[in-house]
Structure formats: structure tokens, C-alpha cells
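Peer 1: Fold the following, please.
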Amino acid sequence: MRNDPCFPCVEQPLRCFISSVYHNKQISCDSKGNISSSLDRKKLEEFYIIEHCTGVTKIRSVSHGKLLISAPDGCIKGCNEPSHDDYEEWYLHKDARNGYYTISSIENARYLACEKNGDISTIEEHREEDSSWKIELLTGELCFISLSEEDKRLTCGPKGKIEMSDNWKGWEVWRFIEAGEGDVRISSWTHNRVLCDDASGNVISTENLLGDWEKWKVERAPDGFEGVVIRSRSHGRYLRSDGEQINTSRLFEGSSTTWHLSAGHNQHYFISSITHDKRIGCSKENIYSTTNRKNSETWELQKLENGLVVLQSTAHHTYLSFDGNTFEAVDSIDDNGMWKVEESEGKGMRIISKKHDQALSCDKDGNLSAVNKNFGASELWALEPCMPPTIRARQMATIVTGGAIAVASIALMPFAVMGVVGALGFGSGGIAAGSVAAGMMSAEVAAGGIVAGGTVATLQSIGAAGLGVVGTSAAMGGGAIVGASALGVSVAVSGVHKKKFEEGAEIGNSQENRPFCNWKMW
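Peer 2: Model prediction:
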């Protein structure tokens, strides 16, 4: 069920470089909060764009966690916590004529600017040469790229070699980064190398995130073929593999140029009580709650044709079932094992038995039960995505002589992953909200060297509530930053559309071909 409609796996919050269009410099923030311009594109120049439920955005340094602040005198600085007089909320506006952005303070309406001498400040009136910006995205949707008729996936080794693999691990996860006009850049999630189609049709990897040969288009395959085609933007050639060799072809060659995209977390989650910091676990026969995040607490969410879901333990391959009195782990699916997942009015979601119409509940002592009325905080749950294990190139040195891998070398990726709503049609607010506190705890666990049965959870979600499948598609097509989901924001910022938008504007028509893992719905 890897290719069924599902939750996309989207890195969150959005991470980017903010570059002056006409002065070719990036905003940079040092450890003391000094804001300057730089010719570099390194960690000091990386920023998170964090959208809040109110529709405003905040801009935070990746390296030092400092918010970009507009002081009343027009100066720009970085602060951990703004004072009463500081302004940390911004509005991003895209110019439909050229695709460039203005970034203005919501409180004082001053424009973020880069002077010719490189000084970063704010100005009262927009000056195109100084206050025009490009948003260069570094994050995106995480997917496996598999051949349509072979159980093999595109993989990137630590030295950047592109091959085919039987595995479903970190080296096989790819980041689809919006590059504007519907194009994407496809980079290795682990090694940060970008897929490139060179002049001779060879598929290689480079570190050139901004190159033209690194741009691709993803489209539904022609009639009669189930999957997508991935075409080089510069050369118009199709990504192709016979299961061993990888290159590009000027012609569509059927199954060898048809690919399946599936979410990078394989729909694996911890099911966490938001209120009581408990996970639902599974032994061979019993269902229980625990504070752990290990393999026995990992569940695969599978969507049925009737819109309901089933939850299968990845450790024991049994299903979560409720007979009206007790929770059980069963070998096969019946009505007792079918669940509705509904967004709550606040944060989180409720998991409700289809047959008994009772919501899964967890009290402060970790006792699991089901209730059919007066839903409260004990019935709120979050789905925490579990990413596959991976190891980076620089960590290869930690592999000991005998071939065993040191526990510390298993990478817990530094950026949050968020399950944005796909075909299920319910809001993602619970996932984001539930993962904030959980992410902090998970980071502590990772720092202690604990690896949960070959599965790691990247839980540092700081993101926006989702809009549901219709709203998400609309956000991507219309390009509204205000009110858009994590995936909607990334597409809007990149310029998939050319529609001018204003604060509070109604979101426009839907954009096709997103999310990538839901290609069956295109």
C-alpha cells in the first residue's frame, strides 16, 4: 500500500536563503544577532520561514535560533525573544510580473532592504533595486523514487554516486524542492547532493542547487502506464533505468521511464497522546501505552477505499482492534479494526472506532479506554512521522573495523518532518502541534544514542495547520502564503503560479501534480 493516497512527508518549517535580487547577497545572522549581507550560502545564511495560524510569518536563523526583528528606528537585528517595542512579524508579497518578493513588517509596514553597500535595514517605501528578494528553498517533500515495475529505488551514496537499490532506507529518500514555474530540484535527503542530467544524458549528482541542469518536471505518465515521468527541464529528456543503469532518454520508453513516488516516512508513525506523553504500543497480542518511542510503538497507517483507516504494528504486523470493551492486536482486519480519524476543534485529532463510535482515550496513568461522549484532552492524539535510518558521509568514519555501525552514527536529521494532509481529507493541525513538545523529547533520546528498532522519529515540527486535501491543493495553485499549509507555502514561495496575492486574499484555483506521493490523484 506504499503508493496509496496518503499523508505527504514534508520538511517543516520551510528553510531557505533570502537573497537580494539586484545585489546578489544573502541575509546572514551571527551568534550575537548581528544581521548583515554575505556572498556565501552557508549555515549562517539559512533561515526558517515560520507561518503561524494567524496568517503572519516569522523569520528565524537556522544556526542561532534568533528571530529577524525590525526595530522602531528601522534597524534590523536578531533576537531570541523580542522586546515589547520590537516587530518580529512579516508579510511576504510576490510580484506577479517578475516573481520577486517584498518582505514588509506587519506592524510598521517598512520594507526589508539591502543597500548597495550591503547594509540590511528597513525602508519606508519600496525601492525595487534594494527591497526585491528571492526565496531560495532548501526543504521540500520527501519521497522514495521507485521503478514502476521493479522493486528498486533510486539511491545516492555518500560520494554522490547515483544507483538503483532494493532498500527502503535513508539513502533512498529524495527531497523534491520547488524551483518555480512547476519545476523541482531533486536532492538526496541524506547527502544533500542534487540530481543532474548532464549534456550527454548521464544522471549524476552535484552540489549546485541553483543550476539549470538540476531542474526537473514531474508529470503523470501517458495513458496505459501507472506512474509518473520525471523529465529534465533543460534537455527535455526522461529519467530512465533498466534496474541497473540510470540515464535519460529523449523518448518515453514505457516502464523504464515510469516511476512511482511514495512518502519518505512510508506512513509510519508513533501515535502519541498530546496531553499525557504516552505512545500506543503493541506486543504480539496486547495493546498498551508507554513513554517509549521504539519499534513496538511504530504503526503503519493504511487508508481503505471506504475512507477509513487501519493501523498495523510494524513490529508484529498485527492490527489495532477494539471489540467494544478491550483493545487487541489481531491478525486480520474486520469492522473492529477500522477507524475514523477526525480533526478536533483545537489541536490534535481523535481516533474513533467505526463500529462502536467511541474515541480512543488515554488518562494520566496511561490507561487506554474508549469514550463515546464528552470528548476532552485525553482523547487528543498526534501522529509523529517516523523516518527511516540513515547515515551521512562524514559519519562513515565511525564504522568500526568489524563492520558494525556505531549507534551514534545513525543520523537523526536536523529538520522537522510533518505529515501534511493528503487524501484522508482531515486537518494536520494536530500533527504539527503534537510534535513540538514530542520533538524536543525525541532529540534528547537521540542524543543519548537510543535507536528505536531501526526507525527514528524526526519530530521537531514547528508549522502551520493544514487545510485538508482541497484547501492544500488550492493553496498550492493560488499561491497564498497567508493561511497556506507547509506544502502550500513551499509551492507558493517558489512561484508555481503567477497570481498576485494580497494579505487575506481568497486562494485561487488548484495546482495539479502536488503532493508528489499522491500522484494517483492527479
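
Peer 1: Helix, strand or coil: sort out Asn518 for me.
Peer 2: helix (DSSP: H, G, I helix; E, B strand; the rest coil).

Peer 1: same question but for Gln312, I mixed them up
Peer 2: Under three-state DSSP, Gln312 falls in the strand class.

Peer 1: distance of it from Gly180?
Peer 2: 39 Å (C-beta to C-beta, to the nearest Å). C-beta coordinates here come from the backbone N, C-alpha and C atoms, glycine included.

Peer 1: who's more crowded, these two?
Peer 2: Gln312 (22 against 17; other C-beta atoms under 10 Å).

Peer 1: For that one, which residues count as its bridge partners?
Peer 2: Beta-bridge partners for Gln312, by DSSP bridges, are Glu300, Tyr319.

Peer 1: So it is in contact with Leu304, correct?
Peer 2: No - judged on C-beta atoms under 8 Å, Gln312 makes no contact with Leu304 at a distance of 11.9 Å.

Peer 1: CA atoms only for stretch 216-228 - export them in PDB, please.
Peer 2: Taking C-alpha atoms only, stretch 216-228 is exported to PDB below (Å, rounded to 0.1, in the frame of the first residue of the first chain):
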ATOM      1  CA  TRP A 216      13.100  18.600 -13.400                       C
ATOM      2  CA  LYS A 217       9.500  18.400 -14.200                       C
ATOM      3  CA  VAL A 218       7.300  15.600 -12.700                       C
ATOM      4  CA  GLU A 219       4.200  14.700 -14.700                       C
ATOM      5  CA  ARG A 220       1.700  11.800 -14.900                       C
ATOM      6  CA  ALA A 221       2.800   9.100 -17.200                       C
ATOM      7  CA  PRO A 222       1.000   8.600 -20.600                       C
ATOM      8  CA  ASP A 223      -2.200   6.600 -20.700                       C
ATOM      9  CA  GLY A 224      -1.600   2.900 -20.200                       C
ATOM     10  CA  PHE A 225       1.200   3.400 -17.700                       C
ATOM     11  CA  GLU A 226       0.700   3.700 -14.000                       C
ATOM     12  CA  GLY A 227       3.100   6.200 -12.500                       C
ATOM     13  CA  VAL A 228       4.900   9.500 -13.300                       C
END
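
Peer 1: Same question for it: list its buried residues.
Peer 2: Trp216, Lys217, Val218, Arg220, Ala221, Phe225, Gly227, Val228 (16 or more other C-beta atoms under 10 Å).

Peer 1: Can you give me the separation between the residue nearest to Gly65 when sequence neighbours are not counted and Arg15?
Peer 2: Leaving out its chain neighbours, the residue that sits closest to Gly65 by C-beta to C-beta, 6 or more residues apart in numbering is Asn80, at 6.5 Å. Remark: distance between Asn80 and Arg15 (C-beta to C-beta) = 19 Å.

Peer 1: more neighbours, the two?
Peer 2: Arg15 (20 against 11).

Peer 1: Now for the more buried one: which residues touch it?
Peer 2: By C-beta atoms under 8 Å, 6 or more residues apart in numbering, Arg15 lies in contact with Glu46, Phe47, Tyr48, Ile49, Val62, Leu137, Leu138, Thr139, Phe415.

Peer 1: Of the residues you listed, just the buried ones, ChimeraX syntax please.
Peer 2: Remark: buried members of the contacts of Arg15, expressed as a ChimeraX selection using 16+ other C-beta under 10 Å:
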select :46,47,48,49,62,137,138,139,415
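
Peer 1: ok, of the contacts of Arg15, which one's closest to Lys116?
Peer 2: Lys116 lies nearest to Phe47 out of the contacts of Arg15, by C-beta to C-beta, at 22.2 Å.

Peer 1: For that closest one, give me the pLDDT.
Peer 2: Reported pLDDT at Phe47 in the predicted model: 97.

Peer 1: Can you give me the neighbour number for the closest residue to Leu67 other than its chain neighbours?
Peer 2: Closest residue to Leu67 apart from its sequence neighbours, by C-beta to C-beta, 6+ apart: Glu88 at 4.7 Å. For Glu88, the neighbour count with other C-beta under 10 Å is 20.

Peer 1: hmm, what's the outermost residue in the chain?
Peer 2: Asn325 (37.5 Å; C-alpha atoms, centre = their mean).

Peer 1: and it, helix, strand or coil?
Peer 2: coil.

Peer 1: Quick one: residues contacting the residue nearest to Leu67.
Peer 2: So Glu88 contacts Lys58, Leu67, Leu68, Ile69, Ser70, Cys79, Pro82 (C-beta under 8 Å, 6+ apart).

Peer 1: State the distance from it to Glu107.
Peer 2: 9 Å.

Peer 1: Check His93 too.
Peer 2: 16 Å.

Peer 1: before we move on, what about Asp365?
Peer 2: With C-beta to C-beta as the criterion, Asp365 and Glu107 are 46 Å apart.

Peer 1: pLDDT at Pro158, what is it?
Peer 2: At Pro158, pLDDT is 87.

Peer 1: Verify the stated contact: it with Ser205.
Peer 2: No - applying C-beta under 8 Å as the test, Pro158 and Ser205 come out as separate, 10.9 Å apart.

Peer 1: Which neighbours do those two have in common?
Peer 2: His191.

Peer 1: Looking only at neighbour counts, state which of these two leads.
Peer 2: Ser205 (21 against 16).

Peer 1: Please point out which parts of the helix or strand that that one is a member of sit buried.
Peer 2: Mapping Ser205 onto the secondary structure by DSSP states H and E places it in strand 203-206. For strand 203-206, the neighbour count (16+ other C-beta under 10 Å) marks Val203, Ile204, Ser205 as buried.

Peer 1: my read: the second one touches Lys159, true?
Peer 2: Translated: Ile204. No - using C-beta under 8 Å, Ile204 makes no contact with Lys159, being 11.3 Å away.

Peer 1: Quickly note the distance from Ser148 to Gly211.
Peer 2: For Ser148, the distance to Gly211 - C-beta to C-beta - is 28 Å.

Peer 1: neighbour count winner among those two?
Peer 2: Counted by other C-beta under 10 Å, Ser148 and Gly211 do not tie: Ser148 has more neighbours, with 17 against 13.

Peer 1: Tell me the pLDDT of the more buried one.
Peer 2: Ser148 is given a pLDDT of 95.

Peer 1: could you list every residue that touches it?
Peer 2: Ala221, Phe225, Glu226, Gly227, Ser255, Thr258, Trp259, His260.

Peer 1: Next one: it from Phe252, what distance?
Peer 2: 12 Å.

Peer 1: what touches both of those two?
Peer 2: Ala221.

Peer 1: quick one: buried residues of stretch 302-319?
Peer 2: Gln302, Lys303, Leu308, Val309, Val310, Leu311, Gln312, Ser313, Thr314, Ala315, Thr318, Tyr319.

Peer 1: follow-up on the earlier one: shared neighbours of Glu88 and Glu107, which are they?
Peer 2: With C-beta under 8 Å, 6+ apart, Glu88 and Glu107 have common neighbours Ser70.

Peer 1: Return the set of residues that bridge with the closest residue to Lys340 other than its chain neighbours.
Peer 2: Nearest residue to Lys340, sequence neighbours excluded (C-beta to C-beta, 6+ apart): Ile352, at 4.5 Å. Per DSSP bridges, the residues bridged to Ile352 are Lys340, Ala359.

Peer 1: Equivalent analysis for Ile27, please.
Peer 2: Under the criterion used here (DSSP bridges), Ile27 is bridged to Ser37.
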